[in-house]
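> 3D model of this:
(chains A and B)
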Amino acid sequence: MIGFDLALDLFPLLTGVLAAVCCALLGNFLVLRRLSLMGDAISHSVLPGLVIAFLITATRSPTAMLLGAAAAGLLTVLLVELVQRLGRVEPGAAMGVVFSILFAVGVLLIRQVSALDTVDLDADCVLHGQLETLVWFEAPSRLVDALRWSTLEQIPRTTLMLAGMTVAVFSFVGLLFKEIRIASFDPALATTQGFHAGLLHVLLMVFVAAATVASFEAVGSILVIAMLVVPAAAARLLTDRLLAQLATSLLVALLSSVGGYFAATLIPAQFGLDPLSAAGSMTVVGGVLLLGAIIASPRHGLIAKAWRRRSLAISIARDDLLAALYRASESGIDAIELSRLRTLLPGRTLSPGVAAAAHADLICHQHGSVSLTDVGRERAAALVRRHRLWEHYLVQQVGLAPDHVHQTAERLEHLPVSPAQGPAEDPHGRPIP
Amino acid sequence: MHLSFVPCLAHLSGAPRALSRPLAEVRDELPSWAQIVDTLTFRAGFNTSLVVAGATLLGLAAGTIGVFMLLRKRSLMTDALSHATLPGLACAFLLASLLGMDARSLPLLLAGGACTGVLGVICVQAMLRSTRLREDAAIGIVLSVFFGAGVVVLSYIQKNAPTGAAGLHRFLYGQTAALSTQDVALLAVIAALAVLATTLLLKEFAIVCFNDAFARVNGWPVSALDLGMMALVVIVTVAGLQAVGILLVVAMLIIPPVAARFWTERLWVLVALAGCFGAASGYFGSVLSALLPRQPAGAVIVLTAGVGFLFSMLFAPARGVIPAGVQHLRLRVRVAGEHLLEDACESRSTVPASAVARLALRRGWSAGFRKLVIWSLRRRNMIASAPAGALVLTDAGRARGARIARNHALWEQYLISHADVAPSHVDWSVDQVEHVLSDALLAELEAALAARNHPSTPSAGSAP
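Reported below is the predicted structural model:
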């Protein structure tokens, strides 16, 4: 790879990937349970937990920080629940109140800590983390030389902590997958199946808090929200199966972290510029991938939806055209000029329908006038039959007046179902084909 | 690639860092009473007064308009909005310094911030409308991705702009000390706008908040009103950026309305109260941060609002936790006491201690609650003590007990004869309703039953 520097790039990249992957897996369940904003709230309020843990233990040992974060996460969940229940405040506002107050406490405390100037906990790490400081000073010049046991001892603490956290998250989800799956879709069912959905919820929140704090030094407390929500949201748009969603979200996380890192470091280097913020750029790449999913997802994407809507519109226009031609032929007119058709089908666009029907050899389009082919006549008869059966049904079974049913039948005729049997004539006295 | 990259802006923005200091020195830094009083009364110098005035005005505007965000359940939308201003601020800064204009010019920066903020809100709405993502995910995505974009631009400015990003740093955590006369004048205009708009359009905003479909069929321009509301929120948010910062301005829009909500059920009172709460948190918060200049102003202001919220949530008489709890307890004690009286007057006027214990067991009263019930009955002269821990009903107590028993029987009879409830099923619901029947309703029931020639006091069903 051009410009990839083992000393400068290896650990930041590794750390970013681990943070993205670990958060993305958990994020799936947040998105499914509509708790993304709880992730937002926890990632804000982990800050005071972190600082208090630091103030008590005076070290940055991973255990203390994880404990502090887990406590803060639990406290957030608990306080939001309390404010919501006791104060009868709507959930969004309750979260807003709790996390903004806790975050303010954190900002205030972190200022005290950094004023002591004994550590590098800093108010600005909150914003974008410190990926770039993970420099490997004793890096060998070649990648092959790095594959030694002694390398393990030189891995930065942040990276190790994230690696441990990733393993923990994967085993949590792997071991309790069945339970989490039920609880994500139907908490009440989960409870009746004999395990505590509420407990699982709290456990999930503790893991979110722990993953947030493990990623805190890497990407800060705001950007971690993107790592939690964006891959899962993109995956949710791309698939409808849970396992596939988990896999897709991990892939998106991997792509956005690796892509983001290279976009931030290598591309500016090509132009002789300094590297940009890697954490921020990972977020942006994730956002771009999500935008791609929104637009181009095969089932739920904007293009797919527009395409489906357009083909439906065309098939309806074609069907309306066939039905109009059939009705005309009932009164003895076999070929109709396009201009006449326009008066027969007011307020509808003709040309896509004509084109589609001509393409399928349902109509014969010659010298500006159209007529039904044999196949077309069959299709049109079936359509008009459905229309008139519906009219009959609406009058007989629903009890509508005969002059009120045409509009409804006009829409129902495009459905593939119709009442099975009917008399020989519709309510207006026309034969049912 | 250079090693000079230092990710933390604070090193460059010149924030002073003291080494560990002796306690006495810290104590010397605490303000004296005279300083506190001076700051509170706008006499601590022009700049401080300016800051206090600015924060108060901001709080007033944010609290007033925040009410409608709370009522429309859009509180967290403002969080997405405020985070989404960062890329706009940074881009405006970059653009201005590239074009050789004054990169710190406030109107330019705020205009940039407002642009991307509005774009963020539009993105949230578009995602809600045209994808299957829910509101929580949409807000989380916009908030973090826009912020990430801002961080990227910020890191570029840090390296490549001649002045560095020093002018931008204050927008992150807020720096009330940076407010100038023009800024405060601007804040005054915005506060006046917010207050004026809500006063004039209170009825319209209310109808849009509570029932927008109804408003639409009544011919109100709902979309325009909605847009106006959102525009006010954007203006207030952007104006609040330099006082409390991107990360915490959302608190100024959420906390005062939520706190005010505990005090009242009426909209115009709510709006007025929220405005006052906001103004008060801005005032006291900025005074505090003026006295403690080393602390981040935004956090101090938010925490002041937080204290107000906590107080309101606990003590507000209308919906506060403690008053509501007390009220609930009183009702429970009254109902329990009436059950005791009813039970006693059905069997005999003297209740031995064992009977009270049996009743408590059946109704699930704790020992403390039983004592409370008996104490309350005694205080209202419903019962008197008899030897051996037994209780004797007074005349008032007997009358009350008979009244409740009669209510029970009447309502039971009504349910059986009018509501077609099976006789074996009526007892449970009656047990709750018997305490709250009004006199008028009772008279009506008696008349109805007399007319149907039922015995006016049917055999009272035994209490459960």
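> State the helix or strand in which residue A:364 lies.
Using DSSP states H and E, residue A:364 sits in strand A:363-366.
> partners of that strand in the sheet?
strand A:369-372 (antiparallel) (DSSP bridges).
> who touches the strand it pairs with?
Strand A:369-372 is contacted from outside by A:321-322, A:325-326, A:329, A:334-338, A:341, A:354, A:358, A:362-364, A:380, using CB atoms under 8 Å, 6 or more residues apart in numbering or on different chains. The way it works is simple: take the backbone N, C-alpha and C, and place the C-beta from them, glycine included.
> same question, stretch B:41-58
By CB under 8 Å, 6+ apart, stretch B:41-58 touches B:35, B:38-39, B:176-177, B:179-181, B:183-184, B:187-188, B:190-191, B:236, B:239-240, B:243-244, B:252, B:278-279, B:282-283, B:285-287, B:290, B:297, B:301.
> Of these, which are in range of chain A?
The subset of the contacts of stretch B:41-58 within reach of chain A, counting by CB under 8 Å from any CB of the partner chain, is empty.
> Show the buried residues in the residues you listed.
B:38-39, B:176, B:179, B:183-184, B:187-188, B:190-191, B:236, B:239-240, B:243-244, B:252, B:278-279, B:282-283, B:285-287, B:290, B:297, B:301 (16 or more other CB atoms under 10 Å in any protein chain shown).
> Provide the secondary structure category for residue B:384.
Taken by DSSP: H, G, I helix; E, B strand; the rest coil, the conformation at residue B:384 corresponds to strand.
> okay but it is in contact with residue B:396, surely?
No: look at residue B:384 against residue B:396 with CB atoms under 8 Å: they stay out of range, at 10.5 Å.
> How many residues are close by residue 158?
You didn't say which chain, so I picked chain A. 25 (other CB atoms under 10 Å in any protein chain shown).
> should've been chain B
Neighbours around residue B:158, by other CB under 10 Å: 20.
> Where does it sit, in terms of helix or strand?
Element membership for residue B:158 (DSSP H and E) is helix B:135-160.
> Are that helix and chain A in contact anywhere?
Yes: under the criterion of CB under 8 Å from any CB, chain A is reached by helix B:135-160 at B:136-137, B:139-141, B:143-145, B:147-152, B:154-156, B:159-160.
> returning to that earlier point: filter the contacts of strand A:369-372 down to the buried ones and express that as a PyMOL selection.
Of those, the buried ones go into a single PyMOL selection, burial set by 16+ other CB under 10 Å:
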select buried, chain A and resi 321+322+325+326+329+335+336+341+354+358+362+363+380
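> In strands, which of the contacts of strand A:369-372 fall?
A:336, A:337, A:363, A:364 (DSSP state E).
> In PDB, could you pull the C-alpha coordinates for stretch B:400-409?
Extracted C-alpha coordinates of stretch B:400-409, given in PDB (Å, rounded to 0.1, in the frame of the first residue of the first chain):
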ATOM      1  CA  ARG B 400     -69.200   7.200  57.700                       C
ATOM      2  CA  GLY B 401     -68.900   3.400  57.700                       C
ATOM      3  CA  ALA B 402     -72.700   3.100  57.200                       C
ATOM      4  CA  ARG B 403     -72.500   5.600  54.300                       C
ATOM      5  CA  ILE B 404     -69.700   3.700  52.600                       C
ATOM      6  CA  ALA B 405     -71.500   0.300  53.100                       C
ATOM      7  CA  ARG B 406     -74.600   2.000  51.600                       C
ATOM      8  CA  ASN B 407     -72.600   3.300  48.600                       C
ATOM      9  CA  HIS B 408     -71.300  -0.100  48.100                       C
ATOM     10  CA  ALA B 409     -74.700  -1.700  48.100                       C
END
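> Would you mind naming what in the stretch 151-300 of chain A lies close to chain B?
Checking the stretch 151-300 of chain A against chain B by CB under 8 Å from any CB, the hits are A:222-226, A:228-230, A:232-233, A:236-237, A:264-265, A:269, A:273-277, A:279-284, A:286-287, A:290, A:294, A:300.
> List only buried entries from these.
Buried by 16+ other CB under 10 Å: A:222-226, A:228-230, A:232-233, A:236-237, A:264-265, A:269, A:274-277, A:279-284, A:286-287, A:290, A:294, A:300, out of these.
> Out of the residues of the stretch 151-300 of chain A next to chain B, name the ones that lie in helices.
The helices, defined by DSSP state H, take in A:222-226, A:228-230, A:232-233, A:236-237, A:264-265, A:269, A:279-284, A:286-287, A:290, A:294 from those.
> which ones are touching residue B:146?
B:80, B:83, B:84, B:86, B:87, B:116, B:119, B:120.
> thought the first one was touching residue B:124?
Meaning residue B:80. Yes: here residue B:80 reaches residue B:124: they are 5.7 Å apart, a contact under CB under 8 Å.
> what touches both of the two?
By the contact definition CB under 8 Å, 6+ apart, residue B:80 and residue B:124 are jointly contacted by B:139, B:142.
> By mean pLDDT, flag the weakest helix or strand of the chain.
Answering for chain A, as no chain was given. Least confident helix or strand, chain A: helix A:125-128 with a mean of 68, by mean pLDDT, DSSP states H and E.
> Not quite, go with chain B.
Ranked by mean pLDDT, DSSP H and E, the weakest helix or strand in chain B is helix B:23-29, scoring a mean of 54.
> Going by contacts, tell me the helices and strands next to the next helix or strand after that one.
Heading C-terminal from helix B:23-29, the first helix or strand you meet, by DSSP H and E, is helix B:33-40. If you count contacts as 3 or more CB pairs under 8 Å, 6 or more residues apart in numbering or on different chains; DSSP states H and E, helix B:33-40 packs onto helix B:267-291.
> helices or strands up against the next helix or strand along the chain from the helix it packs on?
The helix or strand immediately downstream of helix B:267-291 is helix B:297-315, counting by DSSP H and E. For helix B:297-315, the elements it packs on are helix A:91-116, helix B:46-71, helix B:166-173, helix B:222-244, helix B:249-261, helix B:267-291, helix B:321-347, judged by 3+ CB pairs under 8 Å, 6+ apart.
> winner for burial among the ones you listed?
helix B:249-261 (a mean of 30; mean count of other CB atoms under 10 Å in any protein chain shown).
> Please name the residues that touch residue A:182.
A:189, A:190, A:193.
> Residue A:250 versus the nearest residue to the last one once chain neighbours are set aside, what's the distance?
The one in question is residue A:193. If the residues on either side of it in the chain are set aside, residue A:193 comes closest to residue A:182, at 6.4 Å by CB to CB, 6 or more residues apart in numbering or on different chains. As judged by CB to CB, to the nearest Å, residue A:182 and residue A:250 stand 22 Å apart.
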